[in-house]
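Asks: Next input, structure requested:
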Amino acid sequence: MDSVVILIAAPGSRAISPAISRSVGDLAAAKPQWLHEREALQFTVRSLSPAERAEIGRLVKDQPIDVAHLPAENRRKRLLIADMDSTMIGQECIDELGALAGVGERIKEITASAMRGELDFEGALKARLALMKGLPETAIATVLSERITFTSGGKTLIATMKAHGAYAALVSGGFVQFTGHVARHLSFDEHRANELVINQGKLMGTVREPILGKDAKVSALHELARKLGIDLADTLAVGDGANDIPMLKDAGLGVALHAKPKVQEAVSVAINHGDLTALLYLQGYRREEFR
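Replies: Numbers count the residues shown, from 1 in each chain. Have a look, this model is predicted:
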């Protein structure tokens, strides 16, 4: 069965030089197919040995270039499941709330440990929320307006996939008070997350049960695939934290985006230099097809 070797450079870097293209092409015994000149390049190959894959990695190791090796068939996916914090946006919303509550450093420590897989997700969530009990509800609007940035390429990713018939869902272990805003801005079809309990204008330091953790993400993947009448092979998932691993492993294409080491080790595709448009190149979209 044919497979595809894909090189994706950091946006604007033009790091895929003619020399790199020739070297990889010679190694793979394949002709280059440009998806975007100097920034995204693919080769269709019959086979590629582990040694040849390692050599391609060596050829680009000093450049801002990601390399992926994927089956050539069924590349364009019909369902996108995306994590929110540090994936579709550049921040962890709970950390930003913690900073406004004056407990930012302690919450960041717990968040980092949970994302590395060192702490149980639900226990870590409850511990962090308890530290913010009594924080004014207005802190949510402050975080949204002053502290949240969107990851480059997100709108393009979703618009392009939806234009080709895909469904997009934002599934987060965070909070609906944030996923609603992010989903509307990026045009997701739906969003799922935990709901912060608020009473008399203040956070109660809890969320409504049941808590949506890593099982909720992989469950959403399976549920939505069934609802759409598609196989898991037709799905794409993207995330960065340990609680994303089950979802990433079950998806037809699971991508670790600027992810923690444990996440990158668990999946076959990691993007460390590209932005969210890298997920379009992985699916074989050419730059001129982007919306």
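Asks: Let me see the contact set for I211.
Replies: Going by CB atoms under 8 Å, 6 or more residues apart in numbering, I211 touches 122, 125-126, 194. From N, CA and C alone the C-beta is placed, and that goes for glycine too.
Asks: Please tell me which one of these counts the most neighbours.
Replies: L125 (25 neighbours; other CB atoms under 10 Å).
Asks: Look up how far E105 lies from that residue.
Replies: As defined by CB to CB, to the nearest Å, L125 lies at a distance of 18 Å from E105.
Asks: How about D62?
Replies: D62 is 35 Å from E105, where distance means CB to CB.
Asks: same check, this time on Q283
Replies: Where E105 is concerned, Q283 sits at a distance of 40 Å (CB to CB).
Asks: And E122, by the same measure?
Replies: Taken as CB to CB, the span from E122 to E105 is 22 Å.
Asks: Now do the strands in the stretch 1-150 of the chain.
Replies: Assigned by DSSP state E, counting those that start in this stretch, the strands in the stretch 1-150 of the chain fall at 3-9, 33-36, 40-45, 65-71, 79-82.
Asks: do you know which of those lies nearest T111?
Replies: Closest to T111 of the strands of the stretch 1-150 of the chain, according to CB to CB: strand 79-82, at 18.7 Å.
Asks: residues making contact with that closest one?
Replies: 88, 157-158, 161, 166-171, 188, 217, 220-221, 224-225, 228, 230, 234-239, 247, 251, 279.
Asks: And for stretch 274-285?
Replies: For stretch 274-285, contacts defined as CB under 8 Å, 6+ apart pick out 4, 6, 8-11, 35-36, 40, 42, 66, 68, 70, 75-77, 80, 88, 151-154, 156-157, 160-161, 236, 238, 253, 255, 257, 269, 271, 289-290.
Asks: do the same with stretch 129-139
Replies: 94, 97-98, 100-101, 103, 106-107, 196, 198, 201-207.
Asks: what comes up buried for it?
Replies: For stretch 129-139, burial by neighbour count (16 or more other CB atoms under 10 Å) applies to 129, 131-132, 135, 139.
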